[in-house]
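1. Generate a structure from the sequence data that follows.
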Amino acid sequence: MPDIINQTIRSTKVKQEDELTQRLNGASPAINTSAAKSKSFAAKRLFSALAALLIGLVLAEVLLRTISLFAPGMGEFMNAPQVIKDATLEYRFPSQPSDPGAGVAHGNSPAMAAKLVAIGDSITYGSGVPAEEAWPRVLEAMSRDRSFRRNGINEPLLAANISCPGYGPVHYVWLQEEALRLNPDIMVATFYLGNDIFDAFHLVDLYHFTGQIKVPPYEWPLEKILDELGTKSQSERQETADLTHAVVPDNRDALALLSLFRSVYTISEYKFGSASQSGLGARLFKGLIQMSAYLYPENWYFDDGLACTTFSFKRILGAMNLEDPWMKTGFHFSMEAYRLMKIRADKAGVRFCVLVIPTKHTVFRDVVGRCTSRGLAIPASYFKVIENEDRIREASFDFFRKSGIAYVDALPALKTALEQGAQPYKISVDNHPNAHGQAVIAKFVLQTMEGNGNEPHLFDIRRESIKKLSQK
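-> Sure thing, here's the model as predicted:
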């Protein structure tokens, strides 16, 4: 009996010592066991949720890819137009010819009947809007109640759009060959002040980078570079050029889900991206844009209650900096490109003009400026973009005047539209004009052709040919 009592006492002491040790460690045995079970259960739930999400994403990806196989329209909806590497233009659409000057006739006009040919980049191409809302197509639609005299016959104004996103003035020199095959009366080449000088330098740099010219781009004038390239055929240069590292836009995203997301965002941006729109969808999209600007400090969301948009600075500042030796060279290449195009157009008997397109930063300058008196904090980068653009505008206009190149500036027309409450840009970070902005540019070009513009250096057709070529 004493042994049993002693054993009981010892076991009780051991148990008490164990409990005391566990209390000193901060928990009781029951609590430890419960906490461990709770953690295990939470971990299992988290793992199950992640597994279910992963399986759902995989199934959705498989479903989208399967639908794309049997419904080509779905694939076209989700993916950007295909592009391929090109020794002359860096990249081009597969539908373009492979010879130098290959462009994309992105329009609805019969090729041989085009009276006006527009050559440009993504703005002229119509990025962010349907093809029929790009300004060359809108210009054609606006002029349906007018007729223009061509070869002794009154004809409607037919416009061809030879443009591609990412192209710049040096690309336009090559595209001009394609444009001249359309036998136009008028040729309009655009000059976007936001990044065209960068695109010009980049393309010439590509020729050196791919081994097509042997000297750095800043050692030769543009005309000599083009002559050097012309010593070999396009097919020869295409075969020998090392285009491994050419900057080619992605044809499609790696994931179909990501492609679908991008497509849905683009549609939402087009449908709800206007500052004047209301409704639940517009409010949700506006909130998304505000949150995006908050997450990306390099962007600035502006809203004064009437006008609203998001400004970006990171890329545009570098692409417009004339203090950068490369961008300074790009500016000279751009000006030389327009000079060469003017010479070729004159030889072909085609009237040539440069359409200068501003950045939305400058279009909003007066609206933003009025907010400074209300204590609005404006990023220093905004003023730097304006300063850089003013320098490019002044220098290019001076070059055009001295070289006898006709030019028009769309800035006044776009600023007037904004002042009148019809915003020509989306509320997002997109720098391309919206559908209304494209229409403003089209109307401005048409008024210029009819002699109703206010610019001092317009198409020479305003004074000479429109009177004999046009007849209402």
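2. Show me the shaky parts of the stretch 101-250 of the chain.
-> Residue ranges of the stretch 101-250 of the chain with pLDDT under 70: 101-114, 145-156, 248-250.
3. Do a quick rundown of the helices in the stretch 201-350 of the chain.
-> Remark: helices assigned in the stretch 201-350 of the chain by DSSP state H, counting those that start in this stretch are 222-229, 234-240, 256-272, 280-295, 314-319, 325-348.
4. most tightly surrounded among those helices?
-> The highest mean neighbour count among these, using mean count of other C-beta atoms under 10 Å, belongs to helix 325-348: a mean of 20. Just so you know, the C-beta spots here come from the backbone N, C-alpha and C atoms, and that holds for glycine as well.
5. Give the next helix or strand downstream of that one.
-> Following helix 325-348 in sequence order, the next helix or strand is strand 351-357 (DSSP states H and E).
6. Touching that following strand from outside, list them.
-> The contact list for strand 351-357 (C-beta atoms under 8 Å, 6 or more residues apart in numbering) reads 118, 120, 123, 185-193, 338, 341-342, 345-346, 393, 396-397, 400, 405-411, 441, 445, 458-461, 465.
7. Which ones among the residues you listed map onto helices?
-> 123, 338, 341-342, 345-346, 393, 396-397, 400, 411, 441, 445 (DSSP state H).
8. just curious, which of those is nearest to residue 181?
-> residue 345 (13.3 Å; C-beta to C-beta).
9. ok so, going back, so which of the helices of the stretch 201-350 of the chain is nearest residue 382?
-> Residue 382 lies closest, by C-beta to C-beta, to one member of the helices of the stretch 201-350 of the chain: helix 314-319, at 10.0 Å.
10. what's the average pLDDT for the closest one?
-> Mean pLDDT, helix 314-319: 89.
11. What is that helix packed up against?
-> Contacts defined by 3 or more C-beta pairs under 8 Å, 6 or more residues apart in numbering; DSSP states H and E place helix 314-319 against helix 196-209, helix 380-403.
12. and residue 74, what pLDDT?
-> The confidence metric pLDDT takes the value 51 at residue 74.
13. again, but for residue 77
-> In this prediction residue 77 is given a pLDDT of 47.
14. Give me the domain ranges for the chain.
-> 2-70, 103-250+315-471 (automatic domain parsing).
15. Dump those domains into a markdown table; add distance to residue 283 as well.
-> Listed next are these as a markdown table, based on distance: least, C-beta to C-beta, whole Å:
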| stretch | distance to residue 283 |
| --- | --- |
| domain 2-70 | 28 |
| domain 103-250+315-471 | 11 |
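16. re the thing from before, with respect to burial, which of the helices and strands packed on helix 314-319 scores highest?
-> Sorting these by mean neighbours (by mean count of other C-beta under 10 Å), the first place falls to helix 196-209, with a mean of 24.
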